[in-house]
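Asks: model the following, please.
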Amino acid sequence: MRINGLIWVGTAYLLALTGGYFSTTFFLNKSILFQAFIADVVATFIIYFFSVWKKNSSFYDPYWSIIPPFLALFWIQKNNIHLGLESILLLSAILFWSIRLTANWIKTWEGLHHEDWRYIDMRNSMGGWFQILGNLGGIHFFPTLIVFFCCMPFMYIGSSTPNIIILLIGILISIIGVLLEIISDHQLHQFRLNNSEKKGIIESGLWKYSRHPNYYGEILFWWGLYVFGFSYQGFNYLILAPISMTLMFMFASIPWIENKILRTRPEYKDYQKRVHILFPEITIFKRLIGK
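Replies: Presented below is the predicted three-dimensional model:
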């Protein structure tokens, strides 16, 4: 059953990538940025079609991690950029992040019968508005647009000579972010294995300093990509991309999860008072000053 589901998802993404790339042939007279955006939109619509057909919006879940490497390769190919130090470093960081996140989804997804609990909540609460506002708008296109915005620094590859020190800092930030995700996910997995009754709150390792260190690592990854672009162009409007990503996690994704936790574990309120929602630096600072 699970294998059958993964085959359907794999088929959907193969068609989405093919359809997205083919769509660019109708806009060869447009900018590469516009072509990439059209391809992203077409691919999202194809995944949306499968999610409606199979009545499972979790078809979209891997999109977050699968598409960015292809967007990077698209820009490199369209700009006829030879694989040099900058492009190799960028692709290495993106693939490191993408493979980890996609593999983690494959590992935890149970099959076509399993749908993310957040989508089930939306389906139940939105009624007839779910397919348009919830599924198409909220689940599919909202994250597609944010991720595309955060991937726009890719377009600077080969546009000028970057500040190599800043470029390396950006790549390092992204890699540190992925490592934090790996470590925090492993710590959470071990906690759940050792706590078969699924009670209590994890407060060990990175979770001692951040209530969501995995999301903190995800945000660092996107800030690293912005710094990568900064090494070419300096400060510009694209700083709004990682800011938007940070705000989305802080005021949408994380509160949604925490409200669910509080429904079954009211003791989580005490943990909320002692540990910052996201930034470990804030928790450490408060402890240093005795608050």
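
Asks: for residue 146, see how far away residue 135 is.
Replies: Distance of residue 135 to residue 146, given as CB to CB, to the nearest Å: 17 Å. For the C-beta atoms, the positions are set from N, CA and C on the backbone; glycine is no exception.

Asks: ok, the two, which is more surrounded?
Replies: More crowded of residue 135 and residue 146, by other CB atoms under 10 Å: residue 135, with 21 against 17.

Asks: could you tell me the model confidence score at the more buried one?
Replies: pLDDT recorded at residue 135 is 94.

Asks: residue 196 too?
Replies: Residue 196 is given a pLDDT of 64.

Asks: could I get the buried residue list for whichever strand or helix holds residue 261?
Replies: Taking DSSP states H and E as the definition, residue 261 sits inside helix 254-264. By neighbour count with 16 or more other CB atoms under 10 Å, helix 254-264 contains the buried residues 254, 258, 261.

Asks: with stretch 232-244 instead?
Replies: Neighbour-count burial for stretch 232-244, with 16+ other CB under 10 Å as criterion, is recorded at 232, 238, 241, 242.

Asks: in helices, which of those residues fall?
Replies: The helices, defined by DSSP state H, take in 232, 241, 242 from the buried residues of stretch 232-244.

Asks: wait, which of those residues is closest to residue 7?
Replies: residue 241 (34.2 Å; CB to CB).

Asks: show me the contacts for that closest one.
Replies: With contacts defined as CB atoms under 8 Å, 6 or more residues apart in numbering, the neighbours of residue 241 are 146, 149, 150, 152, 153, 222, 226.

Asks: list the helices and strands the stretch of helix or strand residue 12 belongs to packs on?
Replies: With secondary structure defined by DSSP H and E, residue 12 is part of helix 2-23. In terms of contacts (3 or more CB pairs under 8 Å, 6 or more residues apart in numbering; DSSP states H and E), helix 2-23 is packed against helix 32-53, helix 63-78.

Asks: from residue 176, how far out is the closest residue in space to residue 223 that isn't next to it in sequence?
Replies: Closest residue to residue 223 apart from its sequence neighbours, by CB to CB, 6 or more residues apart in numbering: residue 242 at 4.5 Å. In this view, residue 242 and residue 176 are 14 Å apart by CB to CB.

Asks: next: residue 71.
Replies: 22 Å.

Asks: pLDDT on the helix holding residue 261, on average?
Replies: For helix 254-264, the mean pLDDT works out to 92.

Asks: next one: it to chain centre, how far?
Replies: 20 Å (CA atoms, centre = their mean, to the nearest Å).

Asks: contacts for it, please.
Replies: In contact with helix 254-264 (CB under 8 Å, 6+ apart) are residues 117, 118, 211, 212, 215, 268, 269, 272, 277, 278.

Asks: redo those as TSV? Include neighbour count.
Replies: Shown next, in TSV, are the contacts of helix 254-264 (neighbours: other CB atoms under 10 Å):
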residue	neighbour count
117	11
118	16
211	25
212	23
215	21
268	16
269	11
272	14
277	18
278	19
